[in-house]
Structure formats: structure tokens, C-alpha cells
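Trainee: Give me a model of this one.
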Amino acid sequence: MECIPSIDIRGGQAVRLVRGEFSRETVYGDPIEQALAYVADGASQLHLVDLDAARTGRPVNGEIVRELVRQVQVPVEFGGGVRTIESADALFGAGVGHVVVGTAGIEDPEFLRRLATRYPGRVLAGLDHRRTTVGDRTVRELAVRGWEESTGVDLGAALRALEGLPLAGVVVTDITRDGTLEGPDLDGCRYVLGATHLPVVAAGGVASVADLSALAGLRVLERGLAGVIVGRAFASGELAVADAVAACEA
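Mentor: Modelled structure (predicted):
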């Protein structure tokens, strides 16, 4: 299970939100400096998100993204506003290793199919969902456009629709835990592992080495998680990148 530090960019700054709420934002400074620090501490890959682009579909922080990719010496996966073939072409041309498609993949499945076929093994489907309880049933509903709009689409149905596409995997984020440092949704991760044959990268809530060990130990039909994305715990200093990488490798 690979440990992947996340850097979210808004207005040119590295930020973290709580449960995707833009009103609950903490600013952490220069995103390029943050990226270089993570790599120096042992990160072998970075997860980069343009929050402005996720809301608007426009590459608001494009110049920062290109410069960050140029400066770091590890693969970068990028998400936020990837809604056209041309935008993906530009990102790959700038050196991005993988792109994460969220909103466009849900609203236009044919676009996701065409992009994955054009770039096999280099596109991840972003499945960001809010978890609620209805009676004795857990409901996981996907959200789009910077997590500001609900879709009515169930996570399980979305996973089934992706089967057979030449994707690099799925990035599954529990919005209700993202940025909270309350620990990951282990039951949700088990559910996803059992619902898809694609590689699964989990995100949301990780705060400690114990959380990482619990995620690394998950197995469903002999399958485990391919990776885990960690954001606020690294940015706030709650968890050291070097310790997290060592825990995932162990």
C-alpha cells in the first residue's frame, strides 16, 4: 500500500478543508515548497488537487501545477476540473503521471471511457461520496463539482459501471471524514474492495500510523488497498511523512 501525500491548491495557496467545506479552510502556504518537503521526507508520489478548477472546470492554478510538476522528482497524479480530452492532453504534456476524473466521469461516462481508452492505465476515477445512515442501511452518495453538488448516484452503482474500463484504479474519498483526522472508514474500504476488481486508493480521515496500519491490513478476497492519500495530517504536522511511508512499507 503506497502512502501518497495530498496537496490541495486554492487561490495559489496550499490549503486543507474540513469535509470539503470551503468555509472551513486552513492555509498552509506555498504548494511547491510543501511538495518539495514531502518528497525530501520520503514521498514517492504526490496527489495534487486544484480546488478552484474542481468547482469551475477551469485550470485556475495551472501555472503553479506545471511548475510543481517540473520541480519535483516523483510522479504526480492530478485531479480537479479534468473535463475535456484537451485538458487531459495538456496535463500529460506538462508531465503529470496520472489524472483523476471525478465530476466529468459521473456526468458523462462516455467521456471517461474515451479518455481511459486514449490513456490506458493513466486515468483514475475519482469517487467522492458522503456517507449517511438511513434506518439500518448505510448510503454512500457521490458528490461532484468540488463536492458542492450531490448526484443521487450510489457508490456501488458507480463502481459497477467502471468495470471493464482500462483505468489505473479508483480514488475513493469519504467526504464525511476528509480533513477531520477522525480515522478512515474501514468498513467503507472493505465494501469498495469487494465491489470492484480495480486497484483502490482510499482517502479521508487518516491521522496516525495506527490508521495506516489498519488500512494496510484490510483484505477482501485476498485483495488489499493499492494506496492511501493523506492530507491534513501531513500539512498540520500531526503525522510525519517519513513515519507514514515506513508504516505503509512495513
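Trainee: ok, and the closest non-adjacent residue to Glu182?
Mentor: When the adjacent residues along the chain are set aside, Glu182 lies closest to Gly205, with 5.1 Å between them (CB to CB, 6 or more residues apart in numbering). C-beta here means a position set from N, CA and C on the backbone, and glycine is covered the same way.
Trainee: quick one: the helices in the protein?
Mentor: Counting by DSSP state H, the chain has helices at residues 31-40, 51-56, 62-71, 85-93, 103-107, 109-118, 155-162, 186-195, 209-216, 232-235, 241-249.
Trainee: on that earlier part again, help me confirm that the residue nearest to Glu182 comes into contact with Ala214.
Mentor: No - the pair Gly205 / Ala214 is not scored as a contact, 11.0 Å apart, by CB atoms under 8 Å.
Trainee: thinking again about what came up before, wait, which of the helices of the chain is closest to Gly79?
Mentor: With CB to CB, the closest approach to Gly79 among the helices of the chain belongs to helix 51-56: 7.2 Å.
Trainee: circling back: what's around the residue nearest to Glu182, how many residues?
Mentor: Neighbour count of Gly205, defined by other CB atoms under 10 Å: 23.
Trainee: wait, what's in contact with it?
Mentor: Contacts here follow CB atoms under 8 Å, 6 or more residues apart in numbering; on that basis Gly205 touches 174, 177-178, 180-185, 211.
Trainee: longest strand anywhere in the chain?
Mentor: strand 123-134 (DSSP state E).
Trainee: Going by neighbour count, list what's buried in that strand.
Mentor: Buried residues in strand 123-134, counted by 16 or more other CB atoms under 10 Å: 123-131.
Trainee: how far does it sit from the chain's center?
Mentor: Offset of strand 123-134 from its chain centre (CA atoms, centre = their mean, to the nearest Å): 11 Å.
Trainee: Ok, stretch 219-229 next?
Mentor: Worked out by CA atoms, centre = their mean, stretch 219-229 lies 15 Å from the chain centre.
Trainee: Please report how far the residue nearest to Glu182 lies from Trp147.
Mentor: 15 Å (CB to CB, to the nearest Å).
Trainee: Pull up the distance across stretch 30-49, start to finish.
Mentor: 14 Å (CA to CA, to the nearest Å).
Trainee: quick one: contacts for the most centrally placed residue in the chain?
Mentor: The structure's the chain has its C-alpha centroid closest to Val171; by CA atoms, centre = their mean the separation is 5.1 Å. With contact taken as CB under 8 Å, 6+ apart, Val171 is in contact with 47, 79, 100, 124-127, 201, 203, 229.
Trainee: circling back: between Gly205 and Ala214, which contacts overlap?
Mentor: Pro184.
Trainee: Excluding residues flanking it in the chain, which one is nearest Ala195?
Mentor: Nearest one to Ala195, counting by CB to CB, 6+ apart, is Leu159 at 4.7 Å.
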